[in-house]
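[1] A structural model of the following input is requested.
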Amino acid sequence: MTTTTLAVLVPLLPFLGAAAGLLLGRTAPGFVRPIAVLPSLASLALAVLVAVRQGGGATIESATELTPTGSVPIELALNIDGFAALVAVLVGVVASCVQIYSTGYLRDDPRYPSYAALVSLFTSAMLLVVYSGDLIVLLVGWEIMGICSYFLVGHYWETPEARAASIKAFLVTKLGDIPFLIGLFALGTDAGSFRITRVLGTVAGGGLHHPTLVALLLLAGVAGKSAQFPLHTWLPDAMAGPTPVSALIHAATMVAAGVYFIARLLPVFEASSAAMLVLAAMAAVTMAGSALAALAQDDIKRVLAYSTIGQLGYMTGALAVGDRGAAVFHLLAHGAFKALLFLAAGVIIHAAGTNSLAAMSRMKDLRLRVPDAYWTMTVALLALAAIPPFAGFFSKESVLGAAEHVATGHTEHAPIAAGWIVLVTGLVTALLTAAYATRLWLLAFRGHGAEAPDHGRQPLLMNAVLWVLAVPSLAFGLVYRLLPDWFDGRSLTPTLTTSVLGTGLAVVGGLMTYSAWRHTTVLAGRVPLGAVAAHPEADAGLVEAEAIASHAPAYGDVAYAPDPADPGRLLLGPLHRHAAVGFHLDAVYDLLFVRPVQAGAALVRFLDREVVETYVRGAGALPRLLGAAVRRAQTGNVQTYVSALLAGTVVLVVAALLVATGA
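    This is a model prediction of the structure:
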């Protein structure tokens, strides 16, 4: 079987699995789980085979015209280079792990068949994006992922949070997709084709007429899909969906698509220095802001959501300094340990028996109750904090090394200012990342919150998946010497300066958080943990929180404020209350966009009701009144009719005489 045929089957098998799952979900429920898992595993096996055949060598290309358009043709095209081959393997690994994990996590969910089918469709769409050599076909996969995320985030549609989160995710990403679509059309018009190779050839020949405008239009779509500032606000709210969906979205699909798209079309962005500076600024704000927000979250999944936003910021930062090898390397490493983090969090939530107990301030001695999640999440958090020799160290250092290379003027692929922006912000974010990773570990596994109900041991498959993902989270970075052939020959060896600075700052961040946790734990020893009532004064500081706790109701009777033993409150100080709500960006959007739209809708509704309906009612009232008058004249009395006829005749005669006399 040819490599092209194998590549076509990679996205096709999950698609067929999704169709079969939807058709057999009710008629043959016993086949739902095999149909969900087996196509993903088969697709993974074929993706690995394609990667082996591609081998980091020449790009595999194939194309056939989809349909005559009369202008710019649309083609079913494959374009598989080293990046595409490895990213497809990542998608297959994470999707297979999520499907296997979900058989246990959602084993009692009555909507599991539709869920599994949508996960398969989601996987197929991302693989289409990865392998596609035509921008319009890529756009099809891009938009299918948006639809799938809408349904999967809203899986628990009975809850208002899930419904609101699904709508928000759909609308915010569509807000970016509109300029993204315009940018794609502009590229296709200038190149005379939507084929990626021809577009890049046009860029290399200077045939792109408005590179800055096109790049900025495309960046809007990337910001929405990959949750970058300022269109990142949908991702933390998307945690209302099932935890395995979060793992899939954050590690291998949806948010990875935007980063991968820029990597494929990086020369388009490099054609404009202004666009590269905008990309660098976007990455910097995203990295630092999301790390601060993560340090203030109490829900474990929201911490991980803001973490994903920040790590994607590292990837876009690498792209802003013109190094797509570093960006994709971090994408691959991040996909492994972030999937592990979410699935381990799912084990914790599953052990508690409900999504509502994801608050870290309520967790107690979980390392004893979920040992598999404890050890594997520890590995993933060390990778996230970029501690050597875990995977995140090597991939993050490749980003910082690329930024240093540009900042010191050793390349002309990006402005020097972009290098300094990414380097400085990346180092600061390294400290903050280690701080919130340490905080999550301390609160989740060594916290002193209220005892949650024990729902027994988790299914074996769920724990097995954690250990499978722990292997690349630990060891993937060690293969950096084998990857240059896959990444345009770019060396991924960590540089001494950024390695020392990044690791040193990460250690400092971890120690700061541990010291703050020890300090607040001493205070919390005098306060019933988890018993701080949700008074407005609770944010005023630890002393006030202690006073409130002294007369707060017992666990289970009230809504709870953040635990006074939270080191994030001490580290952030007055900034904590702002970081906890994402620096009020949702409130700003509500003021600038939501309220004006609602006011406009209210005005239209008023005009429709009071003006349009008034005219409509008036138009109907006049014939009705005339009809009523005519109906009253129809009495059925012959004498009345004769009298009216004579009276009319007299009137006409008198009128005629008057006219004749006047003449």
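[2] nearest spatial neighbour of Gly17, skipping sequence neighbours?
    Pro39 (3.2 Å; CB to CB, 6 or more residues apart in numbering). (Each C-beta comes from the backbone N, C-alpha and C, glycine too.)
[3] do you know how far the one you found is from Tyr112?
    Going from Pro39 to Tyr112 by CB to CB, to the nearest Å gives 16 Å.
[4] returning to that earlier point: neighbours around the residue nearest to Gly17, how many?
    As a burial measure, Pro39 scores 25 neighbours (other CB atoms under 10 Å).
[5] in the chain, where is pLDDT below threshold?
    Applying pLDDT under 70 to the chain flags the ranges 352-357, 448-457, 522-565, 663.
[6] give me the distance between the longest helix along it and the centre of its chain.
    In the chain, taking DSSP state H as the definition, the longest helix is helix 160-191. Taking CA atoms, centre = their mean, to the nearest Å, the mean C-alpha location of helix 160-191 is offset from the chain mean by 12 Å.
[7] same question for it: list its buried residues.
    The neighbour-count check on helix 160-191 (16 or more other CB atoms under 10 Å) flags 162, 165-166, 168-170, 172-173, 175-177, 179-188, 190-191 as buried.
[8] that helix packs against which elements?
    helix 135-153, helix 196-204, helix 211-225, helix 234-237 (3 or more CB pairs under 8 Å, 6 or more residues apart in numbering; DSSP states H and E).
[9] next, the angle helix 135-153 makes with that helix.
    180 degrees (axes from the mean of the first three to the mean of the last three CA atoms, to 10 degrees).
[10] burial check on Gly620, number of neighbours?
    For Gly620, the neighbour count with other CB under 10 Å is 10.
[11] does it count as helix, strand or coil?
    Using DSSP: H, G, I helix; E, B strand; the rest coil, the structure places Gly620 in helix.
[12] give me the distance between it and Leu626.
    For Gly620 relative to Leu626 (CB to CB), the value is 11 Å.
[13] make sure Ala77 is indeed in a strand.
    Yes. If the criterion is three-state DSSP, then Ala77 is within a strand.
[14] any idea how far it is from Glu61?
    7 Å.
[15] tell me which helix or strand the nearest residue to Ala117 once chain neighbours are set aside sits in.
    For Ala117, ignoring the flanking residues on the chain, the nearest one in space by CB to CB, 6+ apart is Gly21 at 3.6 Å. Per DSSP states H and E, Gly21 falls inside helix 3-24.
[16] and Arg302, by the same measure?
    helix 300-320.
[17] which elements pack onto that helix?
    With contacts defined as 3+ CB pairs under 8 Å, 6+ apart, helix 300-320 has these neighbours: helix 234-237, helix 243-251, helix 255-264, helix 273-294, helix 324-352, helix 391-407, helix 416-445.
[18] give me the number of residues near Ala263?
    20.
[19] what about the closest residue to it other than its chain neighbours, how many neighbours?
    Leaving aside its sequence neighbours, Ala263 sits nearest to Arg324 (CB to CB, 6+ apart; 4.1 Å). For Arg324, the neighbour count with other CB under 10 Å is 26.
[20] just Ala257 next, same as before
    By other CB under 10 Å, neighbour count at Ala257 equals 23.
[21] same thing with the one 10 residues further on?
    Using other CB under 10 Å, Pro267 has 18 other residues around it.
[22] then Leu12?
    Neighbour count for Leu12, taken as other CB under 10 Å: 16.
[23] can you check Thr614 too?
    Applying other CB under 10 Å, we find 10 other residues in the vicinity of Thr614.
[24] so which strand or helix has it?
    Per DSSP H and E: Thr614 is located in helix 613-633.
[25] now Ala58
    Using DSSP H and E, no element contains Ala58; it sits outside every helix and strand.
[26] residues contacting the helix holding Gly21, please?
    Residues outside helix 3-24 that contact it (CB atoms under 8 Å, 6 or more residues apart in numbering): 31-32, 35-36, 38-40, 42-43, 46-47, 49-50, 53-54, 60, 62, 78, 80, 88, 92, 95, 113-114, 116-118, 120-121, 123-125, 127-128, 131, 141.
[27] try it again with 6 Å
    The contact list for helix 3-24 (CB atoms under 6 Å, 6 or more residues apart in numbering) reads 31-32, 35, 39, 42-43, 46-47, 49-50, 53, 60, 62, 78, 80, 113, 116-117, 120-121, 123-124, 127-128, 131.
[28] restricted to helices, list those residues.
    32, 35, 39, 42-43, 46-47, 49-50, 53, 113, 116-117, 120-121, 123-124, 127-128, 131.
[29] export the helices and strands packed on helix 300-320 to TSV and tack on distance to Met363?
    Formatted as TSV, the helices and strands packed on helix 300-320 follow (distance: least, CB to CB, whole Å):
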stretch	distance to Met363
helix 234-237	19
helix 243-251	15
helix 255-264	27
helix 273-294	17
helix 324-352	7
helix 391-407	24
helix 416-445	5
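[30] looking at the ones you listed, spot the one closest to Gln634.
    Between Gln634 and those, the tightest spacing by CB to CB is seen for helix 234-237, at 67.0 Å.
[31] what packs against the closest one?
    Counting contacts by 3 or more CB pairs under 6 Å, 6 or more residues apart in numbering; DSSP states H and E, helix 234-237 packs against helix 160-191, helix 300-320.
[32] and the ones you listed as JSON lines, adding distance to Val222?
    Formatted as JSON lines, the helices and strands packed on helix 234-237 follow (distance: least, CB to CB, whole Å):
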{"stretch": "helix 160-191", "distance to Val222": "7"}
{"stretch": "helix 300-320", "distance to Val222": "8"}
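[33] so which of those gets nearest Pro236?
    helix 300-320 (4.4 Å).
[34] next, the buried residues of that closest one.
    Judged by neighbour count (16+ other CB under 10 Å), helix 300-320 contains these buried residues: 300-320.
[35] check stretch 55-62 too.
    Of the residues in stretch 55-62, Gly56, Ile60, Ser62 count as buried by neighbour count, 16+ other CB under 10 Å.
[36] want to throw those residues into a markdown table with distance to His578?
    Formatted as a markdown table, the buried residues of stretch 55-62 follow (distance: CB to CB, whole Å):
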| residue | distance to His578 |
| --- | --- |
| Gly56 | 46 |
| Ile60 | 49 |
| Ser62 | 52 |
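[37] just curious, which of these is nearest to Ser102?
    Nearest to Ser102 among the buried residues of stretch 55-62, with distances taken as CB to CB, is Ile60, at 31.9 Å.
[38] from Arg446, how far off is the closest residue to that closest one other than its chain neighbours?
    Distances taken as CB to CB, 6+ apart place Ile80 nearest to Ile60, at 4.2 Å, with adjacent residues excluded. Remark: distance between Ile80 and Arg446 (CB to CB) = 46 Å.
[39] neighbour-wise, which of those two wins?
    The neighbour comparison of Ile80 against Arg446 (other CB under 10 Å) goes to Ile80, with 24 against 14.
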